[in-house]
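Peer 1: The sequence isn't on hand, but the structure is:
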Ligand SMILES: [Zn+2]
């Protein structure tokens, strides 16, 4: 079998395995709720901060609230560009 065919088969196999892993439930975390339900305690804010690690501050109220809770509790230093 030519090397190109072997390489093509390997690439297809990786794509298929990746696609299946994305579909199979149980591996991924449940989707976080993005509306803020705060006020959070600093510990709650830390959990929310981690759950919303893929979110953007400007479009996720939960992340926004968690961020400022962590700043106010001294666990995080606010970025100079951050807006309350
Ligand atoms: Zn979010």
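Peer 2: Happy to help now that I have it. It should be emphasised that the depicted structure is a prediction, and the values quoted were computed from it without experimental measurement.

Peer 1: quick one: average pLDDT of stretch 4-11?
Peer 2: Mean per-residue pLDDT for stretch 4-11: 66.

Peer 1: Just the pLDDT at the residue nearest to the spatial centre of the chain, thanks.
Peer 2: The residue lying closest to the centre of the chain (C-alpha atoms, centre = their mean) is residue 54, at 2.9 Å. On pLDDT, residue 54 comes in at 95.

Peer 1: if I look at it, how far off is residue 41?
Peer 2: Distance of residue 54 to residue 41, computed by C-beta to C-beta, to the nearest Å: 23 Å. No exception for glycine: its C-beta is placed from N, CA and C like everyone else's.

Peer 1: Now for residue 48: which residues touch it?
Peer 2: Residues near residue 48 by C-beta atoms under 8 Å, 6 or more residues apart in numbering: 32, 40, 62-63, 65-66.

Peer 1: Up against the ion, what does this structure have?
Peer 2: 34, 52, 55, 60, 63 (C-beta under 5 Å from the ion).

Peer 1: Quick one: neighbours of the nearest residue to the last one once chain neighbours are set aside, just the number.
Peer 2: Nearest in space to residue 63, with sequence neighbours left out and distances taken as C-beta to C-beta, 6 or more residues apart in numbering, is residue 52 at 4.0 Å. Neighbour count for residue 52, taken as other C-beta atoms under 10 Å: 21.

Peer 1: I am finished for the moment; much appreciated.
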